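# quick check, what structure comes out for this input:
(chains A, B, C, D and E)
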Amino acid sequence: MTLTEVREVSGQAGDFTVRLLEHPRYVDMDKCIACGECARKCPKKVDDEYNQGLGKRKAIYVKYPQAVPLKYQIDPENCIYLKNRKCGACVQACPAGAIDFNQKPREKTVRVGSMILTPGLKPFDPAGIRTWGYDVFPNVITSLELERYLSVSGPTEGRLARPSDGRPVKRMAFLQCVGSRDLNKAGHGYCSGVCCMYALKEAMIAKDHEPDLDVSIFFVDMRTHGKDFERYYNRAKEAGVKFRRCRVHSLEPAEQNGGVYLRYITDRGKQVGAEYDLVVLSVGLETPPSAAELAGRCKVGLNQNLFAERGGFQPVQAKGRPGMFVSGAFAGPHDIPQSVTEASAAAAAASLPLARVRHSLTREKRFPPERDVRGEEPRVGVFVCHCGNNIAGVIDVEELAAYAAKLPKVAHVERNLFTCSQDTQELLKKTIQEQSLNRIVVAACTPRTHEPLFKETLKASGLNENLLDMANIRNQGSWVHQAEPEKATEKAKDLVRMSVAKVALLTPAPPLTVEVKQSALVVGGGLAGLVSAHGLAEMGYPVHLVELTSRLGGSALHLYQTWRGEPVEGKLDSIIRKVTSHPLITVHLNSKVSGAEGFVGNFLSTIQGPQGETQVEHGVGIMAVGGRAHKPGEYGYGEHRRVFTALEFDKLHTLGDSRVRGGKTFVFIQCVGSREPERPYCSRVCCTHSVQAAIELKEQDPTRKVFILYRDIRTYGQREEVYRRAREAGVVFINYDMHEKPRLRLDNPDMVEVLVWDHVLHEPFRIPTDVLILATAIVPNDLNKELARIYKLPVDADGFLQEAHAKLRPVDFATDGLFLAGLAHYPKPVEETVTQAQAAMARAATVLAKTRIDLDSIKARVIEERCDGCALCVDVCPYHAITLEEVQGEPGRKLVRIEAAKCKGCGCCQATCPKLGVEVAGFTYEQLASQVAAALA
Amino acid sequence: MSQEMIGAVMVVGGGIAGMQAALDLADGGYYVYLVERSGAIGGAMAQLDKTFPTNDCSM
Amino acid sequence: MALRVAEEGLSSCSGCEVAILNLGERLLALAPQLDFVHMPLLMDHKYFGQLGDGDLKRLEIPQAELGLVSGGVRNQEHLEVLQAMRANCGTLVALGTCATHGGIPALINGLANAELMERYYRGCETNDPAPDPTETVPPFLERVYALDEKVKVDIYLPGCPPHPDHIAEAVLAFLEGREPALPHKSVCDACPTVRQGKGQLKSVRRFLQNAQYDPAKPIADMRCLLEQGLLCMGPVTRAGCSGADGEAPRCLKARVPCRGCYGPVRQNGNQMLDMLNALASNGIDIKTLPDRAGGLLRFSGAHGRLRPRPAAK
Amino acid sequence: MAKTINIQPVTRIEGHARISIQLDDQGRVADSKLHIMAMRGFEKFIEGRPAEEVPRIVSRICGICPWMHHTAANKAVDQCFGAQVPPAGRKLRELMQVMAHISDKILHFFFLAAPDFVMGAGADYKIRNVLGLAQAAPELAAQVVKMRQAGQMMLERFAGKVIHPVAMVPGGFAKPMSQKERDELLAGAGEQLEFAKFCMKYAKENVFAKLDQDALSLGRITTGFLGLVDPADGSLNLFDGALRLMKPDGSYLDFNCRQYADFLGERVETWSYGKFPYARVWGEGFSMDLEAPKGIYRSNTLARLNVCDRINTPLAQAELEEFRRRFGRPAQSTTLYHWARLIELVYACERVLEILEDETITDPLVRNPVEPRAGRGVGCVEAPRGSLIHDYVTGDDGCIASANMIVGTTHNLAPMNMSVRRAALDAIKGGQVSEEALNQVEMAVRCYDP
Amino acid sequence: MAFEPKILAFSCNWCSYAAADLAGASRMQYPANLRIVRVMCSGMVHPNLVMEAFSKGADGVMVLGCHPGECHYLDGNIKAQARLAVVEEMLDAYGLEPERFRLAWCSSAEAERFVEVVTEMTEAVRGLGPNPFRPTRPEDAQEVA
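Numbering: from 1, shown residues only, chains lettered A, B, ... in the order given. Modelled structure (predicted):
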């Protein structure tokens, strides 16, 4: 429901009534075919928000060419007709007669069980603040504008040029923390969490466009705390991006060539001035006013940073507002992986109370009955696509269509501008029924992206979806032979002939469905495992929780408090009690998974426990085997009784150990074991943890001297607050870098002498300290490798379990039906672990919600008339899907049987069998051979 | 009385977070109202040209 | 009126003819319905008149409804006899693997004829060296051909020799005017040995010692010879040698691995390719097999499958 | 007037041959030749094959007596690899080889040769064959077919394959004989012997009785003889032993078959693919002239009876003594091949019973493993068609480096040519060429059972 | 005019076929002699298919799969590798140059590698000249079929 706002919300969790106001689009959605004629005729030009105001759009417009729904809309503020009843050029221009000026705002009330607020973010607008001179100097742009400049669909088609005079950019600078970590100028104390990363990305892409570009990034702390982010930071350094640790305060126009002049302090402490063609302000994120308004209407509290108020253990639940959930940038400055994870978590949290009414309002997609074409003579329909001019621009599509018409068994040939467009699908359906076609060849793009679309259309027109073959005349034809049109046309003919030959031999393969076991297995009894197990049980699914040790709780047992100061112990005990007492959860202590087989919906895992092995059938699996603290081999750890790891220090601190209670000087050393060549990743939680500990030490005894030696303080997002409070409390932060690490003298048992280089005074600085705390790295525990082998899961270079897609499927594995949560994925603080656990729960629920899932039809099939049980294929099958079975009624005679559920359709058996006794539907030997023959005819 | 439960959820905001939540809920068996203020869903991510780490298009 | 049958053996060893005799009593039972008009092994009908004074150009084969031809085409005379048989017989049956795929004699296709002549007439130790015989003897063709490379063949009866049951079936089917029900699967179809899978095979060894089996127990208790690591061509060879309802393939009854004497499973299949592919797919390094062409194409060297090594190599 | 008669193909023999007879102007036989029309080249194309596979290849040299080549090849490969064949293996090999002789001789005597005698040489060619015989003497034909089939099935049931056998392997035999199998074979062998005796009696009454002077002189030539004899007592042995080369005058030389090349040579003629072996050791050179043959010797049944001093089985020995009393030693009449063949049939049946009665034949150890290595081996056995010599040389990889073979019929190529000329001269007088005459020429060839 | 070889490629759906698509999306140009047959895995290509392609006149045949360890079906590509030896043996038996067949790995992201492999193969086969079994000589075509 686009162009719609929430006006008012009433009711309580489980039964909200929401009044919605839909603003008029002034375009009839059903009629508009997005041909763009109206925009061409519309006289009124307006700044295009999509291109950050860099480009222009018309009063009647579509947000961007690939917008969904792809329908035009009229901007009421700028439309001449709506303003003063004149013009109306678009009405005549529109071929479909879709313009309707008298559309009125419509109100609608809807009843829902829960609500999830994800109104998103607005980039900080640096205009009006003198020091950055954003709206003063043309060559000062925001990072989002740079994104548009670099994009092929942007105003300059990806060419980097100076906005002032269009001259190429030779030197470019990024200023970090514009509108973030800056209370006085921008009113935002928090760090937006994403600017460092997108600055690196944009710098790298800019260097792709102009390899010899000189790029400098001016930063306070380089915060690349996400998975694989540190590696990208290292790659940027290797690619020659220069990094300056200093905050540039003011910009002035350069004298001659219109560039920008700025001054900064080098790490030697020298004042230096430099000129750049382009300065990019890495603007932070903030809550847009519309979001704040929405929060008000939904009575959702916002914190001082105008982000939704939420608790550490219910990270997606709007505080004090049951039934209301928040996620994405509205809940805090998050990057895309974090937003997607939170979105899934919100889906889980929102659906938990409504478990009873699952499936109540949804309906299954129905298809018309399938026409049995087996008896019929093949009647092939060939649809040649122009794909705009992507194909027609190179290949002579008329000649191709004419050629196709003459091919054997071809009953109908048609050319379409966009075969994949929605309306052509309808056309396709009609043609199939009218011409009673029973085989379809689509000569267009790659089947990898568009085959599912056409299969849907075939199903919708009553044809078995497998009676289709696509001739890839675009990606492997017109696009790659643009200079040789005749050869491309010749090749297209061959490809079509091959497809027609194959499609004639295709037979309808019956859709295979298999039952989903309504139960789950959770591996790992830490916080992540507990939350996801409890969540799934609450949703009504029996869960088996496997914990290696004899106690539930995992790493959280050693944690003292969240970054917001909420005590961990209490919440952990309550979740453990809930799990152990839950009727649907079976806890297996001192147990581990020793073996597993099967696939989504039908896993069979073997759990090895104290009383031997038990077999568990489950539909989904969540891997939450956590991580462990790294035991450092440096800084005198283990040799000196006053050197502790962060977790050890926490224990001693809470127990009031004399060395801590009596201590006057404390030194924290950050990045011990992290961001090292052998572990090139940031453990994400140690900075916040050390800063919090330092504040507490200061609060207990203000006279204490507390030092934090850091490489980058990564109190990202709203954690910046803690860093600010630490500085106010007088904690001294000293920066060191890789090649001059702090050196120690350990000869005196009661005191450790720390020697470090002081950047401010530019001289060595000696600190005799009572206690030395090492912020050690979090490393994956060794169970990861074994679990990966059992479930055939990928492990990344650092040993953490590898998710399917960093951004779009952050908690899924590539293998369907298995999900990931907690430290096993990557080091993360408590509330992010809970979020990921809830997200895994939601993703698992999407599988368990179905009682049956359909397997794709590319499966191997035994041909009884040819197979004679010679068993050559049995051990070739990588999935052990082939067995030798006795034929009923003929004792002693055995034939090969293939378990369709286990078979993945790889075809290794077909390529081994010497008598065509087994074949993969859609890729049988005869079908491939027909293509070979057609190609060489 | 346990008040009547509505098996539908409203997701306000059609950005990447809104879309993912809507999909998970729909697959999970709930009716979803996805409410978007602007003319099309996609949110801020649509404006990004390439996304880290694989740099494939963010469409 | 009895069915007229003509039989001829080209580059053959008469094994197929003996197989016909091994029909035993069935041959006598069929005799009244059959009228053998031409069969050099058993009857004296001549090509050029009974007085041997006919025109040497007009090789004479009597008209017959059913023509059986065994042996491959090695020389000019074979070709002429074959063409005469085709011309005079309604239905032509390729009898035995020599006729269907070249058989053992086709092994010579791996060499040039000159090398054979050199060795046979000048190379052997006991020879008094002499020029190749060329007078009034039919010249060699450049290689051994299967029948269907030269003429149209109606029925294929592979086997070295073909099992009498199937020769009987072919004749009976012809008498009853129906298609003969011949096996079309591989030897494994009728092989009762215990099969589990070829995965554990690491290599295939030469048949230098007997397979492992308990002689007291039936063949069905013996583990498949290929799975014992012996090269057995069963899976890539057409079935038939166990006869109509035989207990096991003939060679397996002797507990000896199959050597593919029935030719490929599919008429135009390639036994060498099929077998090497089956072994390679199960992880065996095919380079360890000695004499691959001679071993795996031993019976199907015709159709250009076996050809002389290019001299250059 | 001069013309050439072509008897093509020579029928009722195993193999492809053509007889050409040139008549001069007066219609007298000027010249005659027996042309061997085919040659497959086994010696050449087994080069490079693993030696242990060769016994299963060379059996295809002859489809009627494949067991002989199978046995000879195995013995040659045993020598190449230095294999020791266990006693039971050796017994099974001999049993199989000798049993193969039985059905082969029944096949030749009744299916190929008998029609000439029962129907008469001049009978119409359409009935002068085994099918004609079946009409003429149905019970006899049924009996013959049944017994021959029984012999073949005895072999097939035990050894798996009877035509192109596989049961013999380098180092011994492929499977042991069970007691049950032994009992079955014993029963079968007994019947075979009874039938052999019946054949002897039938032949004497119906065939040999008619052997008048003409029949005895059909294709009669004077030659030497070659055959295996038991080195201990010179007795007839079809399976193993020393080769004895007897001159026409009865004197002979015994030699180990490994030295065959010092005793025999092969001459090549331009008009036949077959090579002509001759007794090089006699130093006479080679000539097929009827009056002054040089180096010509004969092999096969008559030769074996001539060269052997005695036969160690009672019935066959009695028949030999009667034969020798009547025809002396060495008997030269070609037609006597048939007689000798039946004597050997009786011997073979008795020998089979002898081997089967020794129960150590069921000893499970029938094969010792063999190791491929470089070596040379000469395997020699007596085939129905004559002495069979397989001479192999293997390389280090155990594959055949080179091979030379002299097979049964080849020994008799020269004598057959002479018999053909003799028969042609006797049968064709004054240019009258009758079917019967030509058939008699062929009968001369059939005696040798080529 | 110059001999234009006809090259057949069996590309696996997950890696090399995707690389071909990416080469298209990135508008990389390569010779038009290639005809791609999509298979689910390089392990699905029966050497018989390769030899049939040669007997029907293909001048060059390629099998393109995923890098070892990256196969979507665990080890389909390893099997393709094992069968490489079979194809070489058959090429030798038919008297065809081994360079006419090539097995190459390229992952879904390696569009440049795909184009490089295709171009190299086209030039290599162009050098070898037409396939002797090209059906210009009927009895040969029938001979090997």
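# a helix runs through residue D:100, doesn't it?
Yes - under DSSP: H, G, I helix; E, B strand; the rest coil, residue D:100 falls within a helix.
# not counting its neighbours along the chain, what's nearest it?
residue D:67 (3.6 Å; CB to CB, 6 or more residues apart in numbering or on different chains). (Glycine included, C-beta is placed from N, CA and C.)
# outline the domain layout of chain C.
C:3-176, C:184-306 (automatic domain parsing).
# so which of those gets nearest chain A?
Across these, chain A has its closest neighbour in domain C:184-306 (2.4 Å, CB to the nearest CB).
# hmm, the closest one touching chain D?
Yes - applying CB under 8 Å from any CB of the partner chain, one finds domain C:184-306 in contact with chain D at C:206-210, C:215-216, C:241, C:250-256, C:259, C:261, C:290-291, C:294-295, C:298.
# now those: which count as buried?
Neighbour-count burial (16 or more other CB atoms under 10 Å in any protein chain shown) applied to the residues of domain C:184-306 next to chain D gives C:206-210, C:241, C:250-256, C:259, C:261, C:290-291, C:294-295, C:298.
# show me what contacts residue A:579?
A:530, A:533, A:534, A:537, A:545, A:552, A:585, A:587 (CB atoms under 8 Å, 6 or more residues apart in numbering or on different chains).
# do I have it right that residue C:134 meets residue D:270?
Yes - assessed by CB atoms under 8 Å, residue C:134 is found in contact with residue D:270 at 6.5 Å.
# quick one: mean pLDDT for stretch A:599-617?
Here stretch A:599-617 scores 89 as its mean pLDDT.
# now that stretch: buried residues?
Per 16+ other CB under 10 Å, stretch A:599-617 contains these buried residues: A:599, A:600, A:601, A:602, A:603, A:605, A:607, A:608, A:616.
# now swap in stretch D:153-167 and tell me
D:154-156, D:158-167.
# is that stretch in proximity to chain C?
Yes - interface with chain C: stretch D:153-167 contributes D:153, D:156, D:159, D:160, D:161, D:162, D:163, D:164, D:165, D:166, D:167 (CB under 8 Å from any CB).
# who touches that stretch?
C:15, C:18-19, C:22, C:24, C:160-161, C:241, C:250-254, C:256, C:259, C:261, D:56, D:59-60, D:63, D:66-67, D:70, D:92, D:96, D:99-100, D:103, D:152, D:173-175, D:177, D:181, D:184-185, D:188-189.
# before we move on, back to that, widest-spaced pair of the contacts of residue A:579?
A:537 and A:552 (14.1 Å; CB to CB).
# in the chain, which residue is most central in space?
You didn't pick a chain, so chain A it is. residue A:807 (1.7 Å; CA atoms, centre = their mean).
# correction: the question concerned chain D.
Within chain D, and using CA atoms, centre = their mean, the residue nearest to the centre is residue D:385, at 1.6 Å.
# I'd assumed residue D:14 was in contact with that one.
Yes - assessed by CB under 8 Å, residue D:385 is found in contact with residue D:14 at 7.5 Å.
# mutual contacts of those two, please.
Common neighbours of residue D:385 and residue D:14 (CB under 8 Å, 6+ apart) are D:62, D:409, D:449, D:450.
# quick one, what contacts the closest residue in space to the residue nearest to the centre of chain D that isn't next to it in sequence?
Leaving aside its chain neighbours, residue D:385 sits nearest to residue D:408 (3.1 Å; criterion: CB to CB, 6+ apart). By CB under 8 Å, 6+ apart, the contact set of residue D:408 is D:62, D:65, D:68, D:299, D:300, D:383, D:384, D:385, D:386, D:387, D:388.
# dump the residue contacts of the residue nearest the centre of chain E.
Centroid-nearest residue in chain E, with CA atoms, centre = their mean: residue E:62, separated by 1.0 Å. For residue E:62, the contacting residues are E:7, E:8, E:9, E:10, E:101, E:102, E:103, E:104, E:117, E:118, E:121, by CB under 8 Å, 6+ apart.
# which strand or helix spans the fourth one?
Same thing as residue E:10. Per DSSP states H and E, residue E:10 falls inside strand E:7-12.
# render the CA-only coordinates of whichever helix or strand comes after that strand in PDB, please.
Downstream of strand E:7-12, the next assigned helix or strand under DSSP H and E is helix E:16-25. Below are the C-alpha coordinates for helix E:16-25, written out as PDB (Å, rounded to 0.1, in the frame of the first residue of the first chain):
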ATOM      1  CA  SER E  16      30.800 -21.500 -15.800                       C
ATOM      2  CA  TYR E  17      27.300 -20.800 -17.200                       C
ATOM      3  CA  ALA E  18      26.900 -18.000 -14.700                       C
ATOM      4  CA  ALA E  19      30.400 -16.700 -15.700                       C
ATOM      5  CA  ALA E  20      29.200 -16.700 -19.300                       C
ATOM      6  CA  ASP E  21      26.200 -14.700 -18.200                       C
ATOM      7  CA  LEU E  22      28.400 -12.300 -16.200                       C
ATOM      8  CA  ALA E  23      30.600 -11.900 -19.300                       C
ATOM      9  CA  GLY E  24      27.500 -10.900 -21.100                       C
ATOM     10  CA  ALA E  25      26.300  -8.500 -18.400                       C
END
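# next, the buried residues of the helix or strand just after helix E:16-25.
Note on helix E:16-25: by DSSP H and E, the next helix or strand toward the C-terminus is strand E:34-39. For strand E:34-39, the neighbour count (16+ other CB under 10 Å) marks E:34, E:35, E:36, E:37, E:38, E:39 as buried.
# may I have the helix or strand following strand E:34-39 as PDB, with CA atoms only?
Following strand E:34-39 in sequence order, the next helix or strand is helix E:47-55 (DSSP H and E). The C-alpha atoms that make up helix E:47-55 are tabulated as PDB, following Å, rounded to 0.1, in the frame of the first residue of the first chain:
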ATOM      1  CA  PRO E  47      32.200 -38.900 -22.600                       C
ATOM      2  CA  ASN E  48      29.900 -40.500 -25.300                       C
ATOM      3  CA  LEU E  49      28.300 -37.000 -25.700                       C
ATOM      4  CA  VAL E  50      31.800 -35.600 -26.300                       C
ATOM      5  CA  MET E  51      32.600 -38.200 -28.900                       C
ATOM      6  CA  GLU E  52      29.200 -37.900 -30.500                       C
ATOM      7  CA  ALA E  53      29.900 -34.100 -30.800                       C
ATOM      8  CA  PHE E  54      33.200 -34.900 -32.600                       C
ATOM      9  CA  SER E  55      31.600 -37.500 -34.800                       C
END
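# helix E:47-55 near chain A anywhere?
Yes - Helix E:47-55 comes into contact with chain A (CB under 8 Å from any CB), by way of E:47, E:48, E:49, E:52, E:53.
# the residue of the stretch 51-200 of chain D found nearest chain B and residue D:74, how far apart?
Chain B sits closest to residue D:53 of the stretch 51-200 of chain D, with a gap of 57.0 Å, by CB to the nearest CB. For residue D:53, the distance to residue D:74 equals 11 Å [CB to CB, to the nearest Å].
# for residue A:644, same thing?
84 Å.
# ok, the closest residue to residue D:340 other than its chain neighbours - contacts?
Nearest residue to residue D:340 in three dimensions, chain neighbours excluded: residue D:301, at 3.8 Å (CB to CB, 6+ apart). Residue D:301 is in contact with D:337, D:340, D:341, D:343, D:344, D:384, D:449, counting by CB under 8 Å, 6+ apart.
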